[in-house]
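1. Output the structure for:
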Amino acid sequence: VRFIDAFVNSIDLEKIGFTPRVLKTEGRPSFDTKVFLKIYLYGYLNGIRSSRRLEKECLRNIELQWLLEAICPNYHSIADFRKDNPKALKQLFKLFVSFLKDAELIAGETIA
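-> Here you go, the predicted structure:
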């Protein structure tokens, strides 16, 4: 989880295609884009695709609690983020796989 945190904090979100979020001044504030990216990358590495399962992991898993600093968005917010940013998420995962290969954390020999 530490390399997920380092990776997300080091990337330029606008360059990949994510639109910057303006935090609301009234009502419940929206979540930072980096929170959702950390959730999706964690789910990607652990084979968790469902938004409802990702929400459960945010509450249950100590690694994810540390990674998100005890923030837990609901499943609907997680699903909406995926729905609103399909192209940017695809770019993010390509960049993430390149990052893992460069760090020698994966070999990249198996194609599935």
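
2. Can you name the residues that contact Pro73?
-> 31, 35-36, 39, 55, 58 (Cβ atoms under 8 Å, 6 or more residues apart in numbering). Yep, even glycine has a C-beta here, placed from its N, CA and C like the rest.

3. What is the lowest-pLDDT residue among those residues?
-> Here the lowest pLDDT out of the contacts of Pro73 sits on Phe31, with 84.

4. circling back: nearest to Thr19 among the contacts of Pro73?
-> Nearest to Thr19 among the contacts of Pro73: Phe36, at 12.6 Å, using Cβ to Cβ.

5. So the closest one sits against Phe81, correct?
-> Yes. Under the criterion of Cβ atoms under 8 Å, Phe36 makes contact with Phe81 at 4.4 Å.

6. Check which element follows the one helix or strand Phe36 maps to along the chain.
-> Phe36 belongs to helix 33-46 when assigned by DSSP states H and E. Counting by DSSP H and E, the element after helix 33-46 in chain order, helix or strand, is helix 51-60.

7. Which strands or helices does that following helix pack on?
-> Using 3 or more Cβ pairs under 8 Å, 6 or more residues apart in numbering; DSSP states H and E as the contact test, the elements touching helix 51-60 are helix 33-46, helix 62-68, helix 75-84.
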